[in-house]
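> Show me how the following folds:
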Amino acid sequence: MRFVFIILIHIITVSHGYSQNMANDTLDVMAKVLFDNIDYSLKPNYYITCVGPETHFTKKSFLTDSELSDIPMEVLEELETNARGGKAKVWCSGFLKTLLKNYDTILNPSLFPQKTCITLSPKDIQKARNDHEYRIAGISGKIKDIIIFTLHTPVFDNNKEHCVVSVVSRFYIFGFQSFDYFLKKVYGKWVIISKFNYVIS
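Model (predicted):
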């Protein structure tokens with residue numbers, strides 16, 4: 001009985017460690033792609049939506065759009081399989097707070113006036129627009145606008161060494177843009193290897 005109890009404790013400990021590592025990887029990836037999207041020259045207010053849709057990925061579209069040919073096919077197949085099993089997530093209230101606290105040196109929390117996620121309801125959007133004004137170079141007068149990020153759920157390969165994730169930026173005056181990111185863990189740090197599947201409107 002004692003042996004069984006020890007085994008159960010070990011399984012629980014390993015599972016907790018795996019979940020914690022996955023959470024840390026998700027935060028690391030989110031911080032990296034967010035930093036890549038922040039425009040420090042305009043300094044608009046940034047917000048993050050509460051829902052993280054699933055990231056769609058196929059090796060065929062990746063090889064076509066990214067023009068990368070040196071990624072092992074096994075990795076791409078794992079990413080494709082794991083993407084098919086992915087689900088949308090709702091980022092909890094503590095997600096953004098933790099993200100901005102742990103990565104404050106690169107994300108500049110002052111650009112995120114609301115430390116919790118928002119919905120895309122007209123009420124939330126209008127409140128955000130009313131809270132902020134900024135001046136665009138070359139255009140006279142103050143223009144109300146915000147940028148809202150939708151961070152899709154990251155997809156990892158089985159060894160948690162490669163990742164794909166989609167990011168949509170909504171500019172409520174200028175339209176939107178979206179990128180798919182391919183990242184690789186190099187010496188324990190997530191590095192953006194490629195941006196692909198670029199869409200702008």
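> Share the number of residues neighbouring residue 61, please.
14 (other CB atoms under 10 Å). Heads up, the C-betas are built off the backbone N, CA and C, glycines and all.
> Next: residue 49.
Neighbour tally, residue 49, other CB under 10 Å: 19.
> same deal with residue 56?
Using other CB under 10 Å, residue 56 has 16 other residues around it.
> Skip the chain neighbours and tell me the closest residue to it.
The shortest distance from residue 56 to any non-neighbouring residue, by CB to CB, 6 or more residues apart in numbering, is to residue 83 (6.2 Å).
> do residue 27 as well
Nearest to residue 27 is residue 99, by CB to CB, 6+ apart, at 5.9 Å.
> tell me which element that neighbour falls in.
helix 93-102 (DSSP states H and E).
> helices and strands around that helix, which ones?
Judged by 3 or more CB pairs under 8 Å, 6 or more residues apart in numbering; DSSP states H and E, helix 93-102 is in contact with helix 2-37.
> Beyond the helix it packs on, next helix or strand please.
Defined by DSSP H and E, the subsequent element after helix 2-37 is strand 45-48.
> quick one: strands adjacent to that next one?
Here strand 45-48 is paired, per DSSP bridges, with strand 146-151 (parallel).
> I'd like to know which helix or strand in the protein has the lowest mean pLDDT.
Least confident helix or strand of the chain, by mean pLDDT, DSSP states H and E, is helix 2-37 with a mean of 61.
> Below-threshold pLDDT in this protein: ranges please.
1-22, 42-43, 131-145, 172-174 (pLDDT under 70).
> mind redoing it with 80?
Within the chain, the stretches with pLDDT under 80 are 1-23, 40-44, 67, 92-93, 115, 120, 124-145, 172-174, 201.
> sorry, back to before: what number of residues lie near the residue nearest to residue 27?
23.
> residues contacting it?
Going by CB atoms under 8 Å, 6 or more residues apart in numbering, residue 99 touches 27, 30, 31, 34, 107.
> can you pick the most crowded of the residues you listed?
Per-residue neighbour counts (other CB under 10 Å) across the contacts of residue 99 peak at residue 30, which has 24 neighbours.
> Would you agree that one is in contact with residue 151?
Yes. Assessed by CB atoms under 8 Å, residue 30 is found in contact with residue 151 at 5.7 Å.
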